[in-house]
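Undergrad: 3D, please:
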Amino acid sequence: MATPNLSQEKSALLGTESIPSLLVKQAVPASIGILVMSLNILVDTIFVGNWIGSVAIAAINVVLPVSFFIAALGMAIGIGGASIISRALGADDRAKAKRTFGNQLSLTIVITTVLVILGLFFINDLVPAFGGKGDIFEPAKIYYRIVLYGVPILALCMMGNNVIRAEGAPKHAMIAMMIPSVGNLLLDYILINRLDMGMEGAAWATTVSYGLCFIYIAWFFLSGRSELMPSLKQLLPDWVILKEIGGLGFVTLGRQATTSVLYLILNNILFELGGEDSVSAFGIIGRLMMFAIFPVLGITQGFLPIAGYNYGAQQWKRVRAVIYTSIKYACILGVLIFVLLFVFASEIAGVFIDNQVVIDQTTVAIRIVFFAVPIIAIQLIGAAYYQAIGKALPAFLLTTLRTGIILIPLLLLLSHYYGIDGVWISFPIADISSTIITAYFLWKAMQKLYEAPEKNNPLDTEEV
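TA: Got it, this is the predicted structure:
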């Protein structure tokens with residue numbers, strides 16, 4: 001009988017180690033990676049706001065929907081394939097896991113390259129459409145063109161990062177997330193502050209940092225630390241696997257697409273209601289969204305491979321345990337986050353920019369937009385559960401529920417009647433509504449897990 005290598009032993013731990021311990025090991029590196037990445041976004045915004053100006057913040061915020069959407073393809077392919085890989089490893093089908101990764105690589109390269117070419121060709125139409133008007137247009141166009149060059153590399157990084165986490169190597173996934181963040185900050189200082197390159201410096205700092213991340217991820221797979229490095233044959237299309245990657249990846253793509261549409265609508269609404277200052281205020285809020293809830297996002301990232309692996313191994317007791325434990329930990333953290341944001345809202349806004357009008361708007365927005373943070377874990381983990389177990393349709397509906405189905409219509413309606421206040425109020429209403437609906441579907445799913453017969457579970461107690 002063959003002896004499993006180290007990478008195989010790591011993935012096997014997803015099905016044997018205690019759930020609280022395993023969740024901490026998976027979630028803490030993911031949280032640290034998200035924290036560093038979020039800090040990068042925040043500090044980058046501070047640098048840009050102080051070294052270039054408030055219009056530069058608005059310009060970057062305009063470009064984000066386009067680059068986010070194309071980069072989201074990599075994330076979508078990564079998370080969709082990672083779900084297949086986790087379940088395949090749980091079922092001890094490593095051949096399928098390798099074929100899946102090979103198809104992820106090919107799909108990411110082809111799709112993102114085509115979209116970048118199209119994005120560059122329609123640059124003069126896309127920038128104004130996403131809110132790049134007036135004084136914002138020229139700096140947004142400069143940033144857009146340069147950042148778009150590196151988007152295929154970013155897509156490969158985001159895809160590879162999810163695969164690394166799926167095979168039980170969260171520390172390497174964390175390092176991969178930290179490298180572009182640290183690199184971007186150093187390059188920001190050199191290119192913007194020292195070389196006075198303005199928007200071009202900010203854009204090149206971002207693009208080059210993507211390349212540094214890609215080098216590390218390529219090293220991880222080529223150095224033998226992964227059990228998934230595919231052969232050339234496994235890069236060829238497997239239509240069954242591609243269909244499943246597409247179905248599950250569409251969930252993530254749908255979430256990112258609705259986020260892009262949200263930014264498009266918000267930038268245009270805020271520009272009409274309050275001009276550049278209001279767009280800048282949301283630019284700060286948008287960056288705080290990931291930073292503020294990084295522990296909750298980390299737990300959700302840690303939850304995915306554990307739930308997928310144990311579902312594939314038909315260890316239903318462990319699947320139930322990881323759902324309960326993840327929600328409990330994340331809700332506790334959510335309460336702490338809300339208290340800090342509410343108390344220090346003005347101070348947080350003042351860090352980003354020296355413009356009292358923007359600070360005042362942002363302070364009010366922070367206290368309203370993040371009102372439902374204590375309960376959003378239920379929505380995030382509920383949607384992630386269906387993605388982890390390969391149920392594409394419910395995962396898609398629950399993932400897009402908050403932003404696409406509830407928030408965007410609310411924004412259009414409430415901003416019409418209540419102006420900028422209506423914009424901010426829409427966020428907690430959407431959060432609370434989507435959480436209630438997701439909680440119902442997650443409860444129904446849990447009932448099915450209790451009814452399913454256990455198989456091959458090495459643990460025979462409830463303490464998993």
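
Undergrad: List the residues that contact residue 163.
TA: Applying C-beta atoms under 8 Å, 6 or more residues apart in numbering to residue 163 gives the contacts 78, 81-82, 85, 101, 104, 226, 228. C-beta: built from backbone N, CA, C; applies to glycine.

Undergrad: rerun at 10 Å
TA: Residue 163 sits next to 77-79, 81-82, 85-86, 97, 100-101, 104-105, 169, 173, 217, 220-221, 226, 228 when contact means C-beta atoms under 10 Å, 6 or more residues apart in numbering.

Undergrad: host element of it?
TA: helix 151-166 (DSSP states H and E).

Undergrad: Residue 273 too?
TA: With DSSP H and E as the criterion, residue 273 is inside helix 239-292.

Undergrad: sorry, back to before: tell me how far the helix holding residue 163 lies from the chain's centre.
TA: Counting by C-alpha atoms, centre = their mean, to the nearest Å, helix 151-166 is centred 11 Å from the centre of its parent chain.

Undergrad: Report the buried residues of that helix.
TA: Within helix 151-166, the residues that qualify as buried are 151-166, counting by 16 or more other C-beta atoms under 10 Å.

Undergrad: do stretch 411-431 as well
TA: 411, 414-415, 420, 422-428, 430-431.

Undergrad: Can you tell me, leaving aside adjacent residues, what's nearest to residue 24?
TA: Counting by C-beta to C-beta, 6 or more residues apart in numbering, residue 24 lies nearest to residue 302, which is 8.0 Å off, once chain neighbours are set aside.

Undergrad: Residue 175 too?
TA: residue 216 (6.6 Å).

Undergrad: who touches that neighbour in this structure?
TA: 157, 160-161, 172, 175-180.

Undergrad: so residue 75 touches residue 254, yeah?
TA: No: in this structure, residue 75 is not within contact of residue 254 by C-beta atoms under 10 Å, at 11.6 Å.

Undergrad: Tell me which of those two has more neighbours.
TA: residue 75 (23 against 19; other C-beta atoms under 10 Å).

Undergrad: How much space separates the more buried one from residue 384?
TA: 13 Å (C-beta to C-beta, to the nearest Å).

Undergrad: for the chain, what are the low-confidence residue spans?
TA: Residue ranges of the chain with pLDDT under 70: 1-12, 37-42, 65, 67-68, 290, 454-464.

Undergrad: Next up, the contacts around the closest residue to residue 402 other than its chain neighbours.
TA: Closest residue to residue 402 apart from its sequence neighbours, by C-beta to C-beta, 6+ apart: residue 434 at 3.8 Å. Applying C-beta under 10 Å, 6+ apart to residue 434 gives the contacts 372, 376, 378-380, 382-383, 398-403, 405-407.

Undergrad: residue ranges of the helices in the stretch 51-200 of the chain, please?
TA: Along the stretch 51-200 of the chain, the segments classed as helices by DSSP state H, counting those that start in this stretch run 54-90, 94-121, 123-129, 137-149, 151-166, 170-188, 198-222.

Undergrad: Can you convert those into JSON lines and add a column each for distance to residue 242?
TA: Formatted as JSON lines, these follow (distance: least, C-beta to C-beta, whole Å):
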{"stretch": "helix 54-90", "distance to residue 242": "10"}
{"stretch": "helix 94-121", "distance to residue 242": "6"}
{"stretch": "helix 123-129", "distance to residue 242": "28"}
{"stretch": "helix 137-149", "distance to residue 242": "26"}
{"stretch": "helix 151-166", "distance to residue 242": "14"}
{"stretch": "helix 170-188", "distance to residue 242": "24"}
{"stretch": "helix 198-222", "distance to residue 242": "20"}
